[in-house]
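>>> With the sequence up front, the predicted model follows.
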Amino acid sequence: MLEIEHLEVAHGDAVAVWDVSLKVRPRELVTVVGPNGAGKTTLIDAIAGLLPIRAGTVRLDGSDLAPVPAHEVCRHGIALVPEGRRLFPAMTVEENLEIGCYARPARKLRSQSLERVYATFPILRERRRQLAGSLSGGQQQMVAIGRALMACPRLLLLDEPSLGLAPQIVDQVFEVVAGIHAEGVAVLLVEQNIVQAFAIAARAYVLEQGRIVAEGAPSEVAQDPRIREAYLGQSG
Amino acid sequence: MLIAPGFFAVGIALELGFLRFRINELTSLIVTFGLTVILESLIQWIWTADFRRLEWPYTRVSLRLGTLFVGLTGLLAFGAATLLALGTWAWLRWSYLGKAARASAQDGPMAGAFGVNRHRLALLLAGLSSAYAAVAGLFIALNHTLAPSQIYSWIGVVFAAVIIGRLGNALGLLAASVFIAGSEALTMAVTAPGWAPLVSFTLLIVILLLRPEL
Amino acid sequence: MSAPRLPPALGVVAAGLALALVPALKLPAFYETFLYLVFFWVSLATSWNILSGYAGYFSFGHAAFFGAGVYTTATLATALDVPFLWTLPAAGLVAALLGSGIAAVVFRVHGVRGELFGLLTLAVTFVLSTIALNTKIDGGPGVFLAAVPIPTLFGAPATTLYHLSLAVAVLSAVAALAIYRSRWGMGLFAIRDDEDVAEVLGVPTYRYKLVAFGLSCFIAGLIGGIHAMFVTYVTVAETFSVGLAVDAIMMAALGGTRFWYGPALGAVIVTSLTQSLTGGESAILNRALIGAILIVVIVFLPDGVAGGLRRRRRRAAVSPGRAAPAARVEMPREPARPQPAAPVLACTDVKKAFRGLQALAGVTLEVRAGEILGLIGPNGSGKSTLINVVSGYYRSDGGRIALEGRDIARLRAHRIAGLGLARTYQIPRSFRRLSVVDNVALAAMFGGRGLGRESGRSLARSWLAFTGLEAKADALPDELNLLERKFLDLARALASEPRLVLLDEVLSGLTLTQMTDALALVRKIRDRGTTVIFVEHIMRAVLDLADRVVVLSYGQVIAEGLPRHVMRDPGVVRAYLGKAYA
């Protein structure tokens, strides 16, 4: 479904992602792990159209995403839950969710989507008129995920959902992600937290300093010494 | 009734120009001043520098409300302003485009990620602001005498209202404008008329100093 | 070195002297009037530029201070019968005091920059005009000055005014030039590019802006007083007109706000154009033409006409092979500093919270003199927050931070910088409009030692040699690649001779070869006796470079020691990889 080949992305003249190739099949949950600074956010932003691609291809169901401008990417069925949530703080929870279905195709399904989001996150229904900026970290993460769901995506991009959250909340978040996946949405999950990510993923990639250094089933990759190397330098 | 759409187009053209040449805020200010100078000259050339008055049949009509006499044109101006402010507020609050505008102001790229075409939105807003200014100009023409030199005296009032009303809140803007006009009128009634601008601008200065975060 | 040029100051004075002789030519009055206008606008535009162009604080209230000068002269000369010449210094002083008073209050407020300052100054114009209009200063009908005698120094009274305005114009040009060339001017330019960084480097921003504004208002007041006599009848509407301020701004912008002669150039161009296009109907349209010219120039030449000229000259000068390599300046050989017993930096239980998130939950660590300490931890562990708190960008909520024994927890960023702490930023923040050598010179000039401009520059060159950038000394930061810009940041941090340098992810974005160069440079820095703390993610680099490592997780120190040991510590492994691995 999502095919990335030899991707290269740079910030100005600083290359952040080199020669990255990965695949996400329909309904699959794939995770990309790596230490911070590895280029995970750059990778996700490039797929979502927020960063320009310097080289390589990003294809969704065969069509090239590179020439698609950022505001049209979500029409192709990709929705983003960005690093740090990035909600609209001066707007209410419900308004944030509504922006999620701004694109015309999703707009028609507004009421149903809203119902589904509130069913998944009952606490948001209670706080629908509260300003997003006043919510706790975990609640904000739920709004961010809900906002992405409102776009009725076929592929969900999640960028470090566990960042800055207390361990119990992280558990909840990952449960939700697993649940979304169970309903048939493909997920590309980028994470620093290996344990949680490997628990729910079907396949894993390890990104270090902009390059893929390992890939395979989570159980195999977990044993790979290269993962320790990536996170801790040469050790062991 | 051609004025509003006409200026809408002017606003869009201007914004397109700014985007194309990648002009930053301060430079755009200078460009706008340049345009003001050009327009001032053109107006003077076409209509001469004399004071003029736009007359329409209702100029001298006054309505009676209790013990007060209210000029009709003034009332119309106030009514139009209120309508526009309320309409803008409602549009921002409830329409998709309005929400998109608010979201873009808070986190542009994220709004874009969910389908908001920010380029077109910027053009739309530029056009709207021009159109609103044109409408204001129309009412100024109806209520005051005009001369090319008058152009600059309005800049201060506009800025003051926007700052006091906290850039971005349509209702706040309306309240602020009423407040400014009210304080000016009150000052005029209590002391000599000339002191009126002093009040509003002193208020502006004080507010800017106490709360510069916008 | 290009061919020796006439020192500009001399040029200005020479031009002034030459112009002073013009009345002797007995030309038609038109010429004297025209030149008077030129001097008038040169004074206004140049004085405006001193604060607004150099430091970037666009003032729209120049008319207010001009008007203050006008009415001071008008009032003193008519109501108090003060001889005209004596009113002039008074006019200048009143304007200057007014401006300084306002600035003293306004510049204290941290958030007032850019457009806000513009609006504030605009408001001042309206306030002053209202006061003038409603009090005995003017009262409405204006002030007649025709009866005031003007001393005849060189013939007709009009000639006196000519010479007076010429003097003010020369004064303003010389002042602009002198400031441009001085430490003060460099500080103002730095303020325009990045006021926060300038402050951290030790530039006394408040004082510099205040005096610049005061001087600018003084000159405006002076020319105002002269102009009062020139027109002989002053009204509030004509004097306190926003249009006047706008015209001055446009002239400065047209000529180029970054140059000392830019506003003067713009004033000459516009005044000449205005005069040459008089006659018939086109008189009115010529202002439209000027407006159009301004727009065209400013769009294609954002630095004005002077900027365009400068660019042409640079392109000619910067051709490969032409620059002779500067003689390698030897760095002042520092005697090896005796290692003090106390640690260079000691943090005790430092806390910092942001709206509910406890970024630092009690950090205790020590940095010993002469070591390279690596600060690592997973994302969100508080590394950057710690750097920001230590350098004074954020205030800590609790705990003690001691730099060589001195408590710095409550000090502001520029004081801490002055005590010997320097930092770099993850994304290099250079002063974009200053050349590479000036970027570093600024730090040398305003850092601990307080050097003058020339010695600052030569010290800067030696630091550039240290970091390998000497060939690019005269380039602008935008012309450097990423590694070079990081080295520029480093050179700037080092130029203030800090005891401790904080490096925030200096390796991010670099290629492998570039990283090797960067690591070598960091070692060189330590070998000179400077202590280094660096925050990094790239573990291989940390293992390679650090003498000791401190690991943060959730805002607390969870391990410290030799890199190899720390990396195997089960707590650290757990923090990074999770429970399954420990």
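Arrived safely.
>>> how about the helix or strand of chain A with the lowest mean pLDDT as PDB, C-alpha atoms only?
Taking mean pLDDT, DSSP states H and E as the measure, the helix or strand of chain A with the lowest value is helix A:225-232, at a mean of 78. Extracted C-alpha coordinates of helix A:225-232, given in PDB (Å, rounded to 0.1, in the frame of the first residue of the first chain):
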ATOM      1  CA  PRO A 225      22.700  -6.500  18.500                       C
ATOM      2  CA  ARG A 226      22.400  -3.600  16.100                       C
ATOM      3  CA  ILE A 227      19.500  -2.200  18.100                       C
ATOM      4  CA  ARG A 228      21.600  -1.900  21.200                       C
ATOM      5  CA  GLU A 229      24.200  -0.300  19.100                       C
ATOM      6  CA  ALA A 230      21.800   2.200  17.600                       C
ATOM      7  CA  TYR A 231      20.500   3.300  21.000                       C
ATOM      8  CA  LEU A 232      23.600   2.900  23.200                       C
END
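>>> Which residues does it contact?
Residues outside helix A:225-232 that contact it (CB atoms under 8 Å, 6 or more residues apart in numbering or on different chains) are A:33-35, A:38, A:194, A:206-208, A:213-214, A:221, A:235-236, C:539, C:567, C:572-573, C:576-577, C:581. From N, CA and C alone the C-beta is placed, and that goes for glycine too.
>>> buried sites along that helix?
Within helix A:225-232, the residues that qualify as buried are A:227, A:228, A:229, A:230, A:231, A:232, counting by 16 or more other CB atoms under 10 Å in any protein chain shown.
>>> Show me which of the residues you listed is closest to residue B:115.
Closest approach to residue B:115 among these (CB to CB): residue A:230, at 35.7 Å.
>>> tell me which element residue C:417 falls in.
Assigned by DSSP states H and E, residue C:417 belongs to helix C:413-418.
>>> tell me the contacts of residue C:93?
By CB under 8 Å, 6+ apart, residue C:93 lies in contact with C:218, C:221.
>>> average pLDDT across the helix or strand containing it?
If you go by DSSP H and E, residue C:93 is part of helix C:84-106. The average pLDDT for helix C:84-106 rounds to 88.
>>> Export that helix to PDB, keeping only CA atoms.
In PDB, the C-alpha atoms belonging to helix C:84-106 read as follows (Å, rounded to 0.1, in the frame of the first residue of the first chain):
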ATOM      1  CA  PHE C  84      16.100  82.700  17.700                       C
ATOM      2  CA  LEU C  85      19.500  81.000  17.800                       C
ATOM      3  CA  TRP C  86      19.100  80.200  21.400                       C
ATOM      4  CA  THR C  87      15.800  78.500  20.800                       C
ATOM      5  CA  LEU C  88      17.500  75.900  18.600                       C
ATOM      6  CA  PRO C  89      19.500  74.000  21.300                       C
ATOM      7  CA  ALA C  90      16.300  74.200  23.400                       C
ATOM      8  CA  ALA C  91      14.300  72.700  20.500                       C
ATOM      9  CA  GLY C  92      16.700  69.900  20.200                       C
ATOM     10  CA  LEU C  93      16.900  69.200  23.900                       C
ATOM     11  CA  VAL C  94      13.100  69.200  24.400                       C
ATOM     12  CA  ALA C  95      12.700  66.700  21.600                       C
ATOM     13  CA  ALA C  96      15.500  64.600  22.900                       C
ATOM     14  CA  LEU C  97      14.200  64.600  26.500                       C
ATOM     15  CA  LEU C  98      10.700  63.700  25.300                       C
ATOM     16  CA  GLY C  99      12.100  60.900  23.100                       C
ATOM     17  CA  SER C 100      14.400  59.600  25.800                       C
ATOM     18  CA  GLY C 101      11.700  59.700  28.400                       C
ATOM     19  CA  ILE C 102       9.300  57.700  26.300                       C
ATOM     20  CA  ALA C 103      12.000  55.300  25.200                       C
ATOM     21  CA  ALA C 104      13.100  54.800  28.800                       C
ATOM     22  CA  VAL C 105       9.700  53.400  29.700                       C
ATOM     23  CA  VAL C 106       9.000  51.700  26.500                       C
END
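>>> close to chain B, is the helix or strand following that helix?
Following helix C:84-106 in sequence order, the next helix or strand is helix C:114-134 (DSSP H and E). Yes. Helix C:114-134 is in contact with chain B by CB under 8 Å from any CB of the partner chain, via C:114-116, C:118-120, C:122-127, C:129-131, C:133-134.
>>> Quick one: buried ones out of these?
Buried residues within the residues of helix C:114-134 next to chain B, counting neighbours by 16+ other CB under 10 Å: C:115-116, C:118-120, C:122-127, C:129-131, C:133-134.
>>> what residues does the stretch 1-150 of chain C put near chain B?
Counting by CB under 8 Å from any CB, the stretch 1-150 of chain C sits next to chain B at C:58, C:105-106, C:109-112, C:114-116, C:118-120, C:122-127, C:129-131, C:133-134, C:140.
>>> can you map out the strands along chain B?
For chain B, applying DSSP state E gives strands covering B:62-65, B:68-71.
>>> domains in chain B, as residue ranges please.
Domain assignment for chain B by automatic domain parsing gives B:3-146, B:150-214.
>>> Least reliable of those domains by average pLDDT, please.
Among the domains of chain B, domain B:150-214 carries the lowest mean pLDDT, at a mean of 65.
>>> Check the burial of residue C:427 by counting its neighbours.
Neighbourhood size, residue C:427 [other CB atoms under 10 Å in any protein chain shown]: 16.
>>> Quick check: pLDDT value at it.
79.
>>> so what pLDDT did the residue nearest to the spatial centre of chain A get?
In chain A, the residue lying closest to the centroid (CA atoms, centre = their mean) is residue A:158, at 1.4 Å. On pLDDT, residue A:158 comes in at 93.
>>> now do residue C:315
pLDDT recorded at residue C:315 is 68.
>>> Equivalent analysis for the one 5 residues further on, please.
pLDDT recorded at residue C:320 is 46.
>>> Tell me which helix or strand whatever residue of the stretch 351-500 of chain C ends up closest to chain A sits in.
Here the stretch 351-500 of chain C gets closest to chain A at one residue, residue C:379, 3.9 Å apart by CB to the nearest CB. Following DSSP H and E, there is no helix or strand that holds residue C:379.
>>> Could you check how far the residue in the stretch 301-450 of chain C positioned nearest to chain B is from residue A:30?
Closest to chain B within the stretch 301-450 of chain C is residue C:302: 6.1 Å, counting by CB to the nearest CB. Separation of residue C:302 from residue A:30 (CB to CB, to the nearest Å): 47 Å.
>>> Equivalent analysis for residue A:61, please.
Distance from residue A:61 to residue A:30, by CB to CB: 16 Å.
>>> Looking at these two, which is more packed in?
residue A:30 (21 against 12).
>>> my guess is the more buried one contacts residue A:188, does it?
Yes. With contact defined as CB atoms under 8 Å, residue A:30 reaches residue A:188; the gap is 5.5 Å.
>>> what touches both of these two?
Common contact partners of residue A:30 and residue A:188 (CB under 8 Å, 6+ apart): residue A:24.
>>> how about the strands in the chain?
Since no chain was named, I'll use chain A. Secondary structure of chain A, counting by DSSP E: strands at A:2-11, A:14-24, A:29-33, A:55-60, A:63-64, A:78-81, A:155-159, A:186-191, A:203-208, A:211-216.
>>> Chain C was what I was after
Here chain C has its strands, by DSSP E, at C:143-144, C:233-234, C:345-354, C:357-367, C:372-376, C:398-403, C:406-407, C:421-423, C:500-504, C:531-535, C:548-553, C:556-561.
>>> which other residues reach the last one?
For strand C:556-561, the surrounding residues in contact (CB under 8 Å, 6+ apart) are C:361-365, C:382, C:548-552, C:566, C:569, C:571-572, C:575.
>>> What pairs with that strand, parallel or antiparallel?
Sheet pairing of strand C:556-561 (DSSP bridges) gives strand C:548-553 (antiparallel).
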